[in-house]
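Asker: I'll drop the sequence and a predicted model, then ask my questions.
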Amino acid sequence: MQFMLRFSTQGKLRLQKCHVPLSDKEKKKITRELVQMVLARKPKMRSFLEWRDLKIVYKIIHASVYFCCAIEDQDNELITLEIIHRYVELLDKYFVSVCELNIIFNFEKAYFILDEFLLGGEVQETSKKNVLKAIEQADLLQEPRHEYFNVPV
Amino acid sequence: MPAVSKGDGMRGLAVFISDIRNCKSKEAEIKRINKELANIRSKFKGDKALDGYSKKKYVCKLLFIFLLGHDIDFGHMEAVNLLSSNRYTEKQIGYLFISVLVNSNSELIRLINNAIKNDLASRNPTFMGLALHCIANVGSREMAEAFAGEIPKILVAGDTMDSVKQSAALCLLRLYRASPDLVPMGDWTSRVVHLLNDQHLGVVTAATSLITTLAQKNPEEFKTSVSLAVSRLSRIVTSASTDLQDYTYYFVPAPWLSVKLLRLLQCYPPPDPAVRGRLTECLETILNKAQEPPKSKKVQHSNAKNAVLFEAISLIIHHDSEPNLLVRACNQLGQFLQHRETNLRYLALESMCTLASSEFSHEAVKTHIDTVINALKTERDVSVRQRAVDLLYAMCDRSNAQQIVAEMLSYLETADYSIREEIVLKVAILAEKYAVDYTWYVDTILNLIRIAGDYVSEEVWYRVIQIVINRDDVQGYAAKTVFEALQAPACHENLVKVGGYILGEFGNLIAGDPRSSPLIQFDLLHSKFHLCSVPTRALLLSTYIKFVNLFPEVKTTIQDVLRSDSQLKNADVELQQRAVEYLRLSSVASTDILATVLEEMPPFPERESSILAKLKKKKGPSTVTDLEEAKRERSVDVNGAPEPAPASASAASTPSPSADLLGLGAAPPAPTGPPPSAGGLLVDVFSDSASAVAPLAPGSEDNFARFVCKNNGVLFENQLLQIGLKSEFRQNLGRMFIFYGNKTSTQFLNFTPTLICADDLQANLNLQTKPVDPTVDGGAQVQQVVNIECVSDFTEAPVLNIQFRYGGTFQNVSVKLPITLNKFFQPTEMASQDFFQRWKQLSNPQQEVQSIFKAKHPMDTEITKAKLLLGRSSDLGQHSLKKLILTLQTLWALASSTPKPPRLDACCVWSRICKLRCTGSRCAQARTLFPRGYVTYCRSSFNPMQAVGLCVLFPCVSATLGDHTAHSTMEHLSTCTSSLGPGRGWDTKGLLTGTTAGLPVQGGPGSMKSRQPVVQSTN
């Protein structure tokens, strides 16, 4: 996988993870292009797109957030859809019930969880338990977990 | 809401994020951010040392601001400081900031690498994990340099924790992708392979990704992974859904790992029999499971299951060796074609395209033709429809071509604009490829133009013309059909082009029918004329002149049209010129000449269809070629060999009666015009004539070439010195002013320009000059006059050597002085008959010259064209017989690789070259006449791939012009010839001497030509 984006239906970027070397300028350009492209899709269309020489796999979660992954030509689209789903499950589980605000206020957590699950663009650990165990252990290392959440004010 | 009751992680951050969210406008947000940035900046700069928590908080804020899309230009140092914190969350935020914000060329990279090194050595798995994540996220070359040696050790060490192993494997993968040269293969590779046996499925998953990538580049090293992967896969697919516990995903056992293992196996050919049996079992199990009722209604279950299935099918296709599996795969995909999930229908169409190219499953794929055609009509997503078109294209063969082409044509009427052009190309290719009856082909292409004329690219209509010209049996039908199609009140311009061209060539075949008499044909075409664009009108004008040749009875009508103001005074230069020239041609040329010049176009050499090439360009080669490769027996079609084969190869497989235009196989047939005299005076035209003079300044050769056709300009320039030239020549004398400009502000001392003539040049060329002042002030210019007398013909050019001191250093520059034989040429008048007569006398075998050589460069039409246009003058350098030949060669390549209208272009390029060399009022005429004559002669005797009887070109010029153009062309050639120097094999007593020496020569008593023959025998 080359990169992953998570953005709201308003096109606000919530997460961006890039597994190939790109300059900030390129990243911005790509993000803008993909967000527009994916937001323009209608329901019932397939969840894959060709874009440059990559395949774009996207999925809408909870009717409000889009995930969009760019994978290479020989990569498997369906399993990429499930990568997205598994990541959403991980966030759900970690934040007890995922709510967009939680992720906004704890954006760094979303990155940490992603790093445990996906690394260098490849799935590192598919077991939900193992991923969450790793994150929770880390949380426990320094502070009790409840102190570590950022709360909306 | 998270389970939070009290306390706050980073309260300040939360406040800030809330503030940003409450901002009503973009401006307010920017204002708030700037305020925050100022605050953070002052904190970081402040005297008070910040504690770890504050640093973490501010760095986190910066990160947030960055992720909002704003630029961050500070805080990196603070983030790096966090890396060495002992508090996990501080370290974590530090690493996150680095991963997101630090680019590889940062000067901080050394500090970062140090921190990473410490964490890797800490033996604390969480710290190691963070460090490895950071490397994997940044993946820069510097990091690869620092850690590529270290990470494999961590990966295979016995005491490494599983989670660290996983990170290490993927970290190494990322480094390998970024800088493969820095990741050394070694002992660790075999141990990595054995990770496929690891108990921890997470480790296996990560290791499989790494091995797959490494195996693609180093298949030998990782060969043993095949059997391990198969047994691992086998254990997974046969496991009960509970066996794998948390690695089972919606009742599918370890889908990610399965997909990866199947992917890994695609790096290798089918394994040896023992392993193969087991693998086949796995694949069968996967196919079987697809038939079982789903264990869950959730889409996750179906996706995961089908992800594995599609990957298995990819592997089956990759192996392409088990007919049974291939057919089963095809049937499975056939079911998906009607699935309610768009994703599945799409993927099934895509996979089937590849299955269609396998000989085992091609037939099975064909059974789904109706479903696919239905998809074409009913799919809502355009990209799915496009896949359906692809699949139809892939499954097409002789048995279903008519049906598929018809379906595609009818789809074309409503197809999305974005894919029309591609469909047009596909239809054109299929129609050509599977045409049994070429009338069907012609009908199909005309239909294409009717339905989607705007999307019919040049390649398509060029191609139909090529085919019609190459196939006698369809020419009459084509003429009749285009004639009928043109009757439509509104027809597409592309049809006018095709019609114009075909009637121009073959209108005579239907002229017997009073309904399509010459005059009616002409009137029909001309009724479209005024609605067409300039290029089409230009084409029609050429058709008209062809009509003059074909149908003498309409000559006056056509002449009237050409003579009308709207043609002769057309604002467009091209049209005007064609009108003028064609009119003139039609009135001065005899019927014989007209018939020769306007003879029917020669057949085109068989080669890869230009349409196919275009489709490949559009789609990437993989999607188009498989079919061709898989079914070679079809390559006897006009569509020819799958790859752009050398002409000889494709000519062999050609059923068409076309003579091999490039004449690779046979000796060139005798020309229809005056025979180029035969002879064995082979020339080694590509050997360099050695110029043993002082080393020349780089680039001076180019400049030199430029001066062959001009007399003034800058000959040489570097940072210090500029040399400009002004020269004039009259008869055998010339004068050259050389200007030396000092570009610096410092004096040149001991400035000595010297003219050096090689030994044999001295006898032929007299140069006289006076020494110049040895000091040249900064910014000053010095002039030197050279008087030149040409005593006899010469080949080498004199060398100008300049030596001087500049700021204590000695400078030495040599450049060739552009004094070339052509400067002393004089035009000469000669009637065409005279020339012809002389030409015909050259029947002695000794008087023909031919040389065969291989093209040094690939002949890419576009590049060649560009080169010719840009560099045409430099193509005429004095050493340029080579170049001249190369030019002719490339022109020929141009002429024969592109269909006719570009052929004319090519000739125009050629005539432009002529024009450069012969500035006379009649060049305009040469321009029109040359193309046709050129092509005519080329066809019969000019063999550029092998090379050239150059001289055959000239009679045709002289025959139609009879003026000095021919003469000076000839002289130029002789110059070039003699420039090859002795022993090169051009017996200059031969053809050239014979011709030129016999020509009437004008010039005063002092003219060199009256003193000596132009070219002497060099042997």
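Answerer: Great, that's in hand. This is a predicted model, so every value here is computed, not measured.
Asker: May I see the buried residues of stretch A:80-92?
Answerer: A:80-91 (16 or more other Cβ atoms under 10 Å in any protein chain shown). Just so you know, the C-beta spots here come from the backbone N, C-alpha and C atoms, and that holds for glycine as well.
Asker: again, but for stretch B:355-364
Answerer: Residues B:355-358, B:360-362, B:364 are the ones in stretch B:355-364 that count as buried (16+ other Cβ under 10 Å).
Asker: Who does the nearest residue to B:Val785 once chain neighbours are set aside form a beta bridge with?
Answerer: Distance criterion Cβ to Cβ, 6 or more residues apart in numbering or on different chains; nearest residue to B:Val785, sequence neighbours excluded, is B:Phe737 at 5.7 Å. B:Phe737 has these beta-bridge partners by DSSP bridges: B:Lys726, B:Val785.
Asker: In contact with B:Phe737, which residues are there?
Answerer: B:725-727, B:783-786 (Cβ atoms under 8 Å, 6 or more residues apart in numbering or on different chains).
Asker: which of these count as buried?
Answerer: Going by neighbour count (16+ other Cβ under 10 Å), the contacts of B:Phe737 have B:725, B:727, B:784, B:786 buried.
Asker: so where's chain A shaky on pLDDT?
Answerer: A:97-98, A:141-153 (pLDDT under 70).
Asker: Okay, strands next: where are they in it?
Answerer: Here chain A has its strands, by DSSP state E, at A:3-8, A:13-18, A:48-51, A:54-61, A:65-71, A:118-119, A:122-123.
Asker: how about these in TSV, adding mean neighbour count?
Answerer: Below are those laid out as TSV (neighbours: other Cβ atoms under 10 Å in any protein chain shown):
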stretch	mean neighbour count
strand A:3-8	21
strand A:13-18	18
strand A:48-51	16
strand A:54-61	20
strand A:65-71	23
strand A:118-119	26
strand A:122-123	24
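Asker: can you redo the ones you listed as CSV with distance to B:Leu531?
Answerer: Below are the strands of chain A laid out as CSV (distance: least, Cβ to Cβ, whole Å):
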stretch, distance to B:Leu531
strand A:3-8, 50
strand A:13-18, 52
strand A:48-51, 39
strand A:54-61, 44
strand A:65-71, 47
strand A:118-119, 60
strand A:122-123, 60
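Asker: looking at those, which is closest to B:Pro125?
Answerer: strand A:118-119 (14.8 Å; Cβ to Cβ).
Asker: picking that back up, near chain B, which of the buried residues of stretch A:80-92 show up?
Answerer: A:81-83, A:85-86 (Cβ under 8 Å from any Cβ of the partner chain).
Asker: buried stuff in the helix or strand that contains B:Arg21?
Answerer: Using DSSP states H and E, B:Arg21 maps to helix B:11-22. In terms of neighbour count (16+ other Cβ under 10 Å), helix B:11-22 has its buried residues at B:12-14, B:16-20.
Asker: and the least confident of these?
Answerer: Taking these together, the minimum pLDDT is found at B:Gly12 (82).
Asker: List the residue ranges of the stretch 501-650 of chain B that fall below the pLDDT cut-off.
Answerer: B:607-610, B:618-650.
Asker: what do you get for chain B?
Answerer: Confidence mapping of chain B against pLDDT under 70 gives the ranges B:1-9, B:103-106, B:241, B:607-610, B:618-702, B:826-832, B:835-836, B:838-1019.
Asker: residues making contact with the longest helix along chain A?
Answerer: Secondary structure of chain A per DSSP state H: the longest helix is helix A:77-94. With contacts defined as Cβ under 8 Å, 6+ apart, helix A:77-94 is touched by A:1, A:47-48, A:55, A:57, A:59, A:61, A:67, A:69, A:71, A:98, A:103, A:109-110, A:113-114, A:117-118, A:123, A:126, A:128, A:131-132, A:135, B:249, B:255-256, B:259, B:300, B:303-304, B:306-308, B:310-311, B:343, B:347.
Asker: Any buried residues in the helix or strand hosting B:Val813, and which?
Answerer: Using DSSP H and E, B:Val813 sits within strand B:809-816. For strand B:809-816, burial by neighbour count (16+ other Cβ under 10 Å) applies to B:811, B:813-816.
Asker: Distance to chain A for those residues - can I get that in a markdown table?
Answerer: Listed next are these as a markdown table, based on distance: Cβ to the nearest Cβ, whole Å:
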| residue | distance to chain A |
| --- | --- |
| B:Gln811 | 44 |
| B:Val813 | 43 |
| B:Ser814 | 46 |
| B:Val815 | 44 |
| B:Lys816 | 47 |
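Asker: Can you spell out which residues form a bridge with the closest residue to B:Val776 other than its chain neighbours?
Answerer: Nearest non-adjacent residue to B:Val776, counting by Cβ to Cβ, 6+ apart: B:Phe748, 4.1 Å away. Beta bridges link B:Phe748 to B:Val776, B:Tyr806 when assigned by DSSP bridges.
Asker: if I pick B:Phe748, what's in contact with it?
Answerer: B:720-721, B:742, B:775-776, B:804-806, B:811.
Asker: which of these lies closest to chain A?
Answerer: Nearest to chain A out of the contacts of B:Phe748 is B:Leu720 (Cβ to the nearest Cβ; 39.6 Å).
Asker: contacting residues for the closest one?
Answerer: B:Leu720 neighbours (Cβ under 8 Å, 6+ apart): B:742-744, B:748, B:806, B:811.
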